[in-house]
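S.K.: any chance you could fold what I've pasted below:
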Amino acid sequence: MSLWQFAACIDGWNRANGAEVPPEPLSPGEFDDLLARHADFVTHTVH
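M.R.: As a prediction, this is how the structure comes out:
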């Protein structure tokens, strides 16, 4: 497989799996809500 073919495979995979569209960032309120909903996990895994 040539380098060009490998790059084409990567481009196709990224396009098929939505890698070209960046996700919307969380607002500060959404981030606070996320932390509040998962507070047990965060406090037990983040030191």
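
S.K.: report pLDDT for His47.
M.R.: His47 is assigned 61 on the pLDDT scale.

S.K.: neighbours of Trp13, just the number please.
M.R.: 10 (other CB atoms under 10 Å). Bear in mind the C-beta positions are built from the backbone N, C-alpha and C, glycine included.

S.K.: that one: which element?
M.R.: If you go by DSSP states H and E, Trp13 is part of helix 3-16.

S.K.: from the chain's centre, how far out does stretch 15-35 sit?
M.R.: Counting by CA atoms, centre = their mean, to the nearest Å, stretch 15-35 is centred 7 Å from the centre of its parent chain.

S.K.: what about that stretch, start to end distance?
M.R.: Distance across stretch 15-35, first residue to last, is 31 Å (CA to CA, to the nearest Å).

S.K.: and if you look at stretch 28-44?
M.R.: 22 Å.

S.K.: what about that stretch, distance to the chain center?
M.R.: The mean C-alpha position of stretch 28-44 is separated from the chain mean by 17 Å, CA atoms, centre = their mean.

S.K.: ok, stretch 37-47 next?
M.R.: 20 Å.

S.K.: now what about that stretch, what contacts it?
M.R.: Leu35 (CB atoms under 8 Å, 6 or more residues apart in numbering).

S.K.: how does it look with 10 Å?
M.R.: With contact meaning CB atoms under 10 Å, 6 or more residues apart in numbering, stretch 37-47 is reached by 34-36.

S.K.: with stretch 14-27 instead?
M.R.: 10-11, 13, 30-34.
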